[in-house]
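> all I have is the shape, not the residue letters:
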């Protein structure tokens, strides 16, 4: 039984709603990609076997095109390839952010060599990382323009924050959520990241309060809010449990001193937790909302949380973001 059939079978035990299924191409779909580096090749592990390659067909074409050229330049410099063990890519479709991660401290000689490579490749920014060290050769942040339905927005990201990886399914996820919204007023969003759903959904709500525990994500979201000239979003660095405590007036936070929580009239809560799913505190918080938008990267914890929430699934979409893997992304409206 394949992953889609398996999940649909499990889902049928909880609801009669038929999911909408969105499939991805098996190639050229990833806007971010991470590879190991060993023996002068990119590496990845498949079926417990390490694969050595000069190029991969999985990332966006802009990354595919860069890979052999970048690999050649790294291998032509003993300084650049010595103790290099990981190479990460992020693309806007045009500009590419590359992070080179080392088991050594990066000295001035490395900086000069890295700058030579960056200057020789158009639209490339390089970041070097090692233990407790970050070296910026180019811009740290990557601006990405995202198109969905008949609209667009700009979002800033970098190599320290999560962003939806599938270049083609991500806009469909936004569209799926927007068409499910009924009588939206204010939105509370947990695990908002750098704003991948905050920014495009802002136009559907009167106001949005978005929380996230990663300080890098919060900084980028604040800058993206300005970049898009949005005035109805407030954000704060809070964990899921801290957000629950703040809303229940159990704790006060200096991070909220300029935010009037009581002025919000929340009609929806959006949760996009990590693979571990929702904490019991967040489950209890979510139960207080008439409308729950649940985005899950782990169908198993999604089904576990559905039992705990004890609510009705109104609509659900299954997004095969990671073709040829066992992973699925689920988006559900729960009432």
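That came through, no problem. As the structure is a computational prediction, the values presented were derived from the model and not from experiment.

> just checking, residue 28 touches residue 56?
No - the pair residue 28 / residue 56 is not scored as a contact, 9.9 Å apart, by CB atoms under 8 Å. C-beta: built from backbone N, CA, C; applies to glycine.

> where do the contact lists of these two overlap?
residue 64 (CB atoms under 8 Å, 6 or more residues apart in numbering).

> next one: residue 144 from residue 205, what distance?
In this view, residue 144 and residue 205 are 22 Å apart by CB to CB, to the nearest Å.

> can you pull the pLDDT of residue 8?
pLDDT, residue 8: 90.

> check which helix or strand covers residue 199.
Assigned by DSSP states H and E, residue 199 falls within helix 198-201.

> other SSEs contacting that helix?
strand 151-157, helix 169-180, strand 207-212, helix 215-227, strand 233-237 (3 or more CB pairs under 8 Å, 6 or more residues apart in numbering; DSSP states H and E).

> any chance you could list what contacts it?
146, 148, 151, 153, 155, 174, 177-178, 187, 189, 192, 208, 210, 221, 224-225, 228, 230, 233, 235, 270.

> filter these down to the buried ones.
Neighbour counting with 16 or more other CB atoms under 10 Å marks 146, 148, 153, 155, 174, 177-178, 187, 189, 192, 208, 210, 221, 224-225, 228, 230, 233, 235, 270 as buried within the contacts of helix 198-201.

> show me the strands in the stretch 51-200 of the chain, by range?
For the stretch 51-200 of the chain, applying DSSP state E, counting those that start in this stretch gives strands covering 84-91, 96-102, 124-130, 133-136, 142-148, 151-157, 186-190.

> the second one pairs with which strands, parallel or anti?
The reference is to strand 96-102. strand 84-91 (antiparallel), strand 124-130 (parallel) (DSSP bridges).

> and for the shortest one?
Using DSSP bridges, strand 133-136 pairs in its sheet with strand 124-130 (antiparallel).

> what angle do the partner strand and strand 142-148 make?
Computed by axes from the mean of the first three to the mean of the last three CA atoms, to 10 degrees, the angle separating strand 124-130 from strand 142-148 equals 120 degrees.

> now find how far off-centre strand 124-130 is within its chain.
Remark: strand 124-130 is offset 20 Å from the chain centroid, using CA atoms, centre = their mean, to the nearest Å.
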